[in-house]
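Visitor: return a 3D structure for these sequence lines:
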Amino acid sequence: MKLTFLGGAGTVTGSKIVLEVDHIKIMIDCGLFQGLKELREKNWEKLPINLNEIDFVLLTHAHLDHSGYLPVLAKDGFNGKIYCTRATKDLTKIILLDSGKIQEEDAKRANEYKYSNHSPAKPLYTIDDAKLAISKLTAIDFDEWFIINDSIKFKFLNSGHILGSAFIVLNINEKILVFSGDIGRKNPILLPHYKYIEQADYLVIESTYGNRIHEKVSIEAQLLEYITTTYAKKGILIIPSFSVERAQEIIYLLSKLKNEKLLPNIPIYLDSPMGVNATEVYFKHRKDHKLSEEDINRMLTTVHLVSEIAESKAIVNDNNPKIVIAGSGMITGGRVLHYLDKLISDKKNSVLIVGFQAEGTRGRSLLAGDTEIKFFGEYHQIKADVFKINAFSGHADQTELLDWLSHFKKPPILTFINHGESHQSQAFRTKIKTVFNWNCTVAKLNNEYYLS
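Guide: Alright, predicted model coming up:
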């Protein structure tokens, strides 16, 4: 067996792993690189494998950094199936169609305003490419072995990261390989917590927060504080949010605050077609989360769901106090840019960051205290307050990662640490060695690792 890390190694983005065994090539996740320009440019590089030689793909969850390269895979000749959980299938459809649309719109805008180095600028992939990838999605239930052939079978176990997210357990000739994908919190806001696994001959584990422990604070109290601070200035609170999981968590918490009569009487909007669709998927998969019927009804009466562009423009142009949740979470695109275009240079307004911000993203620039950010081909002065809630993270911290690892009955032959920036992964490797004395290594991009 041979593992090759084509993304998500030395970085938290672009997750792609290829496993070769008995002349079969399996891809685990197929993500898009995001963040720094040097990372985004990797999306355009030819992978060191023939994509039409991939037999099938196993998808841990729907996030773009794990699924967003699937349309490239499909248009370049991949003709197999993409296996995932039922909720992941529904969410991946939404995310890929949105991504294809953004790719097309970004290329069109770059050509219109001539701020691309390429003439003409072209999309990485189109909506039609996304549809082709979607046609290959095949849903599998949690906790059930799926047999590929006499020597290969796999199953998905809940990882607690987002709706439908899963650990992958592969049994290949009686060797057990476990791929963590992204591991959620021990006590997520909306989801049941991650399943424990007791056995692995080889393990690949993420390390997004392998070097830190999340703050133990009241998210509700912080959220209320930033709302009331902005309202006191008669301003608008903009929350750039990931459309899957984070948006639903925020809506749930806002509905709780409203129910407790703690919120000011101002409108709240989820202005994200993808976020609206993801919320509907969330409510469809009742068995995969902890929300009650009452919780769902309260959420639906708390937030106005906005999809139509005309309504979105009207909300952007309305200067009255309000709360707007809009995509994208790292401010790399989406409708949030139209709100920032109008509001970020006014000190009475606020921006609340509620998730991880990769290097090179506008969200990371806001947190770093930059005085201006660039989008739509222009620089915009940052005068609005910038707030951050760290405790919202959907990734396990070091303590939670160690908790998950502690349930293995014996050490894997080798543990690969990936999906982390270099210092995070190295710190986590040292921690695993110190606590468990396991044999582990930090995965390197494009390296080949032979397994016995």
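Visitor: so residue 28 belongs to a strand, correct?
Guide: Yes: secondary structure of residue 28 (DSSP: H, G, I helix; E, B strand; the rest coil): part of a strand.
Visitor: quick one, what contacts it?
Guide: Residues counted as contacts of residue 28 (C-beta atoms under 8 Å, 6 or more residues apart in numbering) are 16, 17, 18, 19, 57, 58, 60, 168, 179, 204. Any C-beta I mention is one placed from the backbone N, CA and C, and that applies to glycine too.
Visitor: among these, name the ones in helices.
Guide: With helices taken from DSSP state H, there is no overlap with the contacts of residue 28.
Visitor: can you flag the buried ones in those residues?
Guide: Those of the contacts of residue 28 that meet the buried threshold are 16, 17, 18, 19, 57, 58, 60, 168, 179, 204, by 16 or more other C-beta atoms under 10 Å.
Visitor: which single one of those residues is nearest to residue 304?
Guide: Nearest to residue 304 among the buried ones among the contacts of residue 28, counting by C-beta to C-beta, is residue 60 at 32.5 Å.
Visitor: was I right to think that closest one contacts residue 179?
Guide: Yes: between residue 60 and residue 179 there is a contact under C-beta atoms under 8 Å: 6.7 Å.
Visitor: can you list residues touching both of these two?
Guide: With C-beta under 8 Å, 6+ apart, residue 60 and residue 179 have common neighbours 28, 29, 167, 168.
Visitor: which parts of this protein are helices?
Guide: Using DSSP H, the helices of the chain run over 37-40, 64-67, 70-75, 86-113, 127-134, 219-232, 246-259, 273-284, 293-302, 309-316, 336-343, 362-367, 398-405, 422-436.
Visitor: ok, and what's touching stretch 212-227?
Guide: The contact list for stretch 212-227, computed with C-beta under 8 Å, 6+ apart, reads 185, 189, 237, 250, 253-254, 256-257, 262-264, 323, 350, 352, 387, 389-393, 397-399, 424.
Visitor: with stretch 274-292 instead?
Guide: Applying C-beta under 8 Å, 6+ apart, the external contacts of stretch 274-292 come out as 86-87, 90-91, 94-95, 98, 158, 163-164, 190-192, 241, 243-244, 247-248, 251-252, 270, 296, 299, 305-307, 325-327.
Visitor: and residue 50, how far is that from residue 18?
Guide: Residue 50 is 11 Å from residue 18, where distance means C-beta to C-beta, to the nearest Å.
Visitor: oops, could you answer that again for residue 269 instead?
Guide: Look at residue 269 and residue 18: by C-beta to C-beta, they are 42 Å apart.
Visitor: whichever of the contacts of stretch 274-292 end up buried, select them in ChimeraX.
Guide: Those of those that count as buried under 16+ other C-beta under 10 Å are selected in ChimeraX with:
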select :86,87,90,91,94,95,98,158,163,164,190,191,241,243,244,247,248,251,252,270,296,299,305,306,325,326,327
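Visitor: hang on, the earlier thing: any idea which of the helices of the chain is most buried?
Guide: Of all the helices of the chain, helix 64-67 carries the top mean neighbour count, a mean of 28, counting by mean count of other C-beta atoms under 10 Å.
Visitor: for residue 347, give me its contacts.
Guide: When contacts are counted by C-beta under 8 Å, 6+ apart, residue 347 is found next to 233, 383, 384, 385.
Visitor: got any ranges where the chain has weak pLDDT?
Guide: The chain contains residues with pLDDT under 70 at 116.
Visitor: ok, which stretches of the stretch 101-250 of the chain are strands?
Guide: With strands called from DSSP state E, counting those that start in this stretch, the stretch 101-250 of the chain shows them at 137-139, 146-147, 152-158, 166-172, 175-179, 202-206, 236-240.
Visitor: for the second one, packing partners?
Guide: When you say that, I think you mean strand 146-147. Judged by 3 or more C-beta pairs under 8 Å, 6 or more residues apart in numbering; DSSP states H and E, strand 146-147 is in contact with strand 152-158.
Visitor: what about 6 Å?
Guide: With contacts defined as 3 or more C-beta pairs under 6 Å, 6 or more residues apart in numbering; DSSP states H and E, there are no secondary structure elements packing on strand 146-147.
Visitor: neighbouring strands - and their directions - for it?
Guide: Under the criterion DSSP bridges, strand 146-147 sits next to strand 152-158 (antiparallel) in its sheet.
Visitor: and the strand it pairs with, what's buried?
Guide: By neighbour count on 16+ other C-beta under 10 Å, the buried set for strand 152-158 is 152, 154, 155, 156, 157, 158.
Visitor: would you confirm that residue 345 contacts residue 381?
Guide: Yes: Residue 345 is in contact with residue 381 according to C-beta atoms under 6 Å; the separation is 4.7 Å.
Visitor: that older thread, just send the helices of the chain back as CSV, with distance to residue 172 too.
Guide: Formatted as CSV, the helices of the chain follow (distance: least, C-beta to C-beta, whole Å):
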stretch, distance to residue 172
helix 37-40, 31
helix 64-67, 21
helix 70-75, 22
helix 86-113, 22
helix 127-134, 25
helix 219-232, 41
helix 246-259, 35
helix 273-284, 32
helix 293-302, 41
helix 309-316, 48
helix 336-343, 43
helix 362-367, 39
helix 398-405, 22
helix 422-436, 24
